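*Asks:* coords please:
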Amino acid sequence: MYLFLSLLLISAPLLASAKTFVFCSEGNPSSFNPQLVTDGTSINASRPVYEGLVGFTPGTIDLIPVLAESYTISKDKLTYTFKLRKGVQFQTTKFFTPTRNLNAEDVLFSFNRQRDKSHPYYSVSGANYEYFQGMEMNKVIKNITAKDPMTVEITLNYPEAPFLPNLAMPFMSILSKEYADQLASQNKKSDLDQYPIGTGPFTFQSYVKGSSIKFNSFTNYWGKRGNIEKLIFAITPDANVRTQKLKTGECQFITEPAPTDLAALKSDSKISVTSAPGLNVGYLAMNVTKKPFDNLLVRRAINHALNRKAYIDAILLGNATLAKNPIPPTIWSYNESVKDYDYSPEKAKELLKQAGYPNGFETELWTMPVSRPYNPNGKKMGEMMQADLAKVGIKVKLISFDWPTYLAKSKVGEHALVQFGWTGDNGDPDNFLNVLLGCAAVEAGSNYSRWCNKPFNDLVSEAKKSTDLKQRTRLYKKAQEIFKQEAPWVSINHATTFRAMSKNVKGYKMDPLGGDHFTEVTLE
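*Replies:* The predicted model follows:
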């Protein structure tokens, strides 16, 4: 014990002087390439490394140039021209040393990998470009050309209202073509997705599954950054353990603290807790390609059978509101007039009887293995759902997997009932309605209900092609009505998001889009 305490006393000043920032994160990433993932855990793990042509002002959804120092849009909304920022360096690591700065070749490589099936990297890592395909970027983009080494022109097949915000999303980050070429010559193409090289403020050092991800400050970073020299993601799936690590100083920042820990964290003089309304939705998806969930009456019955308010009270301790639509009320075009399903086991039983299941049926329900603002305890929520469904004759077996496996199996539709949720990426309704419920998203893998409804799909497709906000709002509101009538989900809640950190952490800004950015964070 004496030796342990001595080591602590020796190491504490060293940690302080080295400006080491430890973030207790909630799970393992499935990849370090944001082109290949949609889950927050994986995207957060790539944020320190990568940047896009455009981005959002920290703490807002206001667009700003990033790797593009400027851009112009043609009058017909079909041509976007980006002037690249000069002097931007790619990171140097033990596995790559760049010989040139960012140029148009990197932009073309990064975007064409996702759109061109003949691209040498298109099929690497069993790639499924869930965002790119689900948002139909392959249909939107007509061509991408380098007008000169520092100018990129993107032409569209038709106007796309959310195109620029979509470019600000992580899946449109810029990778190094020079690094990709080096890996190709070494027959190591898949390393591009696990050993990342970007232009961001931190360089990737190492990853040990279930333990940690380590980054160092990128000394030649072109932009403004804080004083963190070493950034460590300490992978800690249990929310209560994250809280304890924060209180003992093992980490300086935690995501998704358990609702039961919030009061104690707020009363701790050494800790700051910040919160914001979440641009999110938690839901239970029903796989409509599997019986009996192909039956509308069954889906409506399950909507009536689940006591969603009880979940909010017991699991989120009231830090959420009931959800009736697939988009949160903080997004424009939210349809207030949609009528929700009330909790009524009696109605559920009657609907099951009408559907031909008077005695119910047996099925499986997958529970989320990681904590999210809208579902901080998937297992407990699953148990409450299981009890509610048993009351109407539906016998449910609860199943879960580690997070990467859960995602992979869900994307290909192996589930029957599955817990999921979503935090918006760009503040546009399309990012919920099209990405989660559009027909293209079935193949892409982000439509976990695998529900393809032509009237709904036509509405959201028309809406994103229009630049008239009133027209888009009208179309999205109608789409929400169809969603509710067809009931591919049980919409559960919109949750408040929380972060907790040591008082010496300065400069952190809550991201309304749910990410965690440490670029400008300083440690006092």
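*Asks:* pull the helix or strand with minimum mean pLDDT from this structure.
*Replies:* Each helix and strand of the chain was given a mean pLDDT (mean pLDDT, DSSP states H and E); the minimum falls on helix 2-18 at a mean of 39.
*Asks:* elements contacting whichever strand in the chain runs longest?
*Replies:* Counting residues, the longest strand in the chain under DSSP state E turns out to be strand 489-502. Strand 489-502 sits against helix 239-248, strand 253-255, strand 271-277, strand 280-286, helix 308-314, strand 320-322, with contacts defined as 3 or more CB pairs under 8 Å, 6 or more residues apart in numbering; DSSP states H and E. Where C-beta positions appear, they are placed from N, C-alpha and C, glycine not excepted.
*Asks:* Show the subsequent helix or strand relative to that strand.
*Replies:* For strand 489-502, the following helix or strand on the C-terminal side (DSSP states H and E) is strand 505-506.
*Asks:* got the contact list for residue 293?
*Replies:* Shown in contact with residue 293 (CB atoms under 8 Å, 6 or more residues apart in numbering): 286-287, 299, 416-417.
*Asks:* which phi and psi does it have?
*Replies:* Main-chain dihedrals, residue 293, degrees, to the nearest 10: phi -80, psi 0.
*Asks:* ok, now residue 141?
*Replies:* Phi and psi for residue 141, reported as degrees, to the nearest 10, are phi -80, psi 130.
*Asks:* Low-confidence regions, the stretch 1-150 of the chain specifically.
*Replies:* 1-18 (pLDDT under 70).
*Asks:* Strands of that one, residue ranges please.
*Replies:* 20-25, 54-56, 63-65, 68-73, 79-84, 141-148 (DSSP state E, counting those that start in this stretch).
*Asks:* Looking at those strands, spot the one closest to residue 389.
*Replies:* Comparison of these against residue 389 by CB to CB identifies strand 20-25 as nearest, at 32.4 Å.
*Asks:* quick check, distance from that closest one to the centre of its chain.
*Replies:* Its chain's C-alpha centre and that of strand 20-25 lie 19 Å apart, by CA atoms, centre = their mean, to the nearest Å.
*Asks:* what do you get for stretch 342-353?
*Replies:* Stretch 342-353 sits 34 Å away from the centroid of its parent chain (CA atoms, centre = their mean).
*Asks:* could I get that stretch in CSV with only the CA atoms?
*Replies:* The C-alpha coordinates for stretch 342-353 follow below in CSV (Å, rounded to 0.1, in the frame of the first residue of the first chain):
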residue,chain,number,x,y,z
ASP,A,342,-51.9,5.6,-25.5
TYR,A,343,-50.9,2.9,-23.0
SER,A,344,-53.7,0.4,-23.1
PRO,A,345,-53.2,-3.3,-22.6
GLU,A,346,-56.9,-3.8,-23.4
LYS,A,347,-56.5,-2.1,-26.8
ALA,A,348,-53.4,-4.2,-27.4
LYS,A,349,-55.2,-7.4,-26.7
GLU,A,350,-58.1,-6.5,-29.0
LEU,A,351,-55.7,-5.6,-31.8
LEU,A,352,-53.8,-8.9,-31.4
LYS,A,353,-57.1,-10.8,-31.5
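*Asks:* Now the residue sitting nearest the centre point of the chain: closest residue in space, sequence neighbours ignored.
*Replies:* Centroid check for the chain by CA atoms, centre = their mean gives residue 40 as the closest residue, at 3.6 Å. In space, and not counting its chain neighbours, residue 40 is closest to residue 514: 5.9 Å by CB to CB, 6 or more residues apart in numbering.
*Asks:* repeat for residue 37
*Replies:* Once chain neighbours are set aside, the closest to residue 37 by CB to CB, 6+ apart is residue 31, at 5.3 Å.
*Asks:* pretty sure that neighbour contacts residue 42?
*Replies:* Yes: the pair formed by residue 31 and residue 42 meets the contact definition of CB atoms under 8 Å, at 5.8 Å.
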